[in-house]
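*Asks:* fold the stuff below for me.
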Amino acid sequence: MRITPGSTFRHLEIGPEIGRGAFATVYVGRDTLMERMVALKMHRMVPSLSSEMERKLALREARLSGRISSPHVVTLYQVHDLGDAGWLMEMEYIDGPTLEQVLAERGRLPVDETLRILRGVLTGLHVAHEHNIAHRDVKPGNVLLGRQDGAIKLTDFGLSCTVGDLSLSVSSLDGFMGTPQYVAPEVIDGKKPTRASDIWSVGVLAYRMLCGRLPFAATTLPDLFEEIRAGQPSCMMKEHVPDRLKMLIRDCLQKDPAARPASPAHLLARLDDVARLP
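*Replies:* Purely as a prediction, here's the structure:
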């Protein structure tokens, strides 16, 4: 069974491609049975992996995503078995851009908008962490912004891992995976990602929104990794950024995972302090 624009699968009408990542292509679709728009994620074959490994990776993502229920995480409705072609994930459709698209157009965001987006991301991440799931790839491209309702949704748990549960680890994912500019230093050094690794990525995300650039922006991968391990952010945050928010981001970007804020809930409380104080 091939999933292509204009085709149908059971009660699903397949529309145009709306996203593409390292492992999957996402289409907009229509569920004619439920009469709603959906996002359809089809995993692509990776040459280095067997079809059996492909199916395990995709099903693993679905099982982890299916544990999470939050207004700030994209809902997984159903998983369709396509046999040798893999799995098709039927998910909530968000009519709006990614945060990456917004930042590409606008450069940086004002403090109040940054705080609103961070609250949404951290609320979704809190639920994932409560289920012992580390996202592993928090970045602007995985934050969806609803055009009509202002929704903020964390998506793409394709690299997620269950913290401390080696039985759910897949050997092909045990090495470095993720988006280099947002990855924590301990992950670069080959350690298993943890909740603290997600907190680092949130710090990079916040810095990018407020500064209009990344904290570590070397143009080659070795130089970038060295900056993340030992360097300091490449520019100072603007004067309009409250000191408490600067401190929060600085704490997220501590090289030692144990020195970072303990949880998304802790960061949410600190964001409330930022909003209350001038």
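
*Asks:* tell me the phi and psi of the closest residue to residue 212 other than its chain neighbours?
*Replies:* Distance criterion Cβ to Cβ, 6 or more residues apart in numbering; nearest residue to residue 212, sequence neighbours excluded, is residue 108 at 3.4 Å. Bear in mind the C-beta positions are built from the backbone N, C-alpha and C, glycine included. Backbone geometry at residue 108, expressed as degrees, to the nearest 10, gives phi -130, psi 170.

*Asks:* pLDDT wise, what is residue 108 at?
*Replies:* Listed pLDDT for residue 108 reads 91.

*Asks:* over to the one 5 residues further on?
*Replies:* We note a pLDDT of 95 for residue 113 in this prediction.

*Asks:* cool, residue 49 as well?
*Replies:* pLDDT, residue 49: 49.

*Asks:* circling back to that earlier point, what's the burial count for the residue nearest to residue 212?
*Replies:* Neighbourhood size, residue 108 [other Cβ atoms under 10 Å]: 17.

*Asks:* need the contact partners of stretch 72-80.
*Replies:* Residues outside stretch 72-80 that contact it (Cβ atoms under 8 Å, 6 or more residues apart in numbering): 9-10, 12, 31, 38-39, 59, 62, 65-66, 69, 87-92, 94, 120-121, 123-124, 127-128, 144, 151-155.

*Asks:* ah, wrong one, I meant stretch 247-254
*Replies:* 199-200, 202-204, 206-207, 210, 215, 233, 237, 259-261, 267, 270-271, 274.

*Asks:* just to revisit the earlier point, from memory the residue nearest to residue 212 sits against residue 211, does it?
*Replies:* Yes - applying Cβ atoms under 8 Å, one finds residue 108 in contact with residue 211, separated by 6.1 Å.

*Asks:* which of the contacts of stretch 247-254 count as buried?
*Replies:* Burial by neighbour count, 16 or more other Cβ atoms under 10 Å: within these this picks out 199-200, 202-204, 206-207, 210, 215, 233, 237, 260-261, 267, 270-271, 274.
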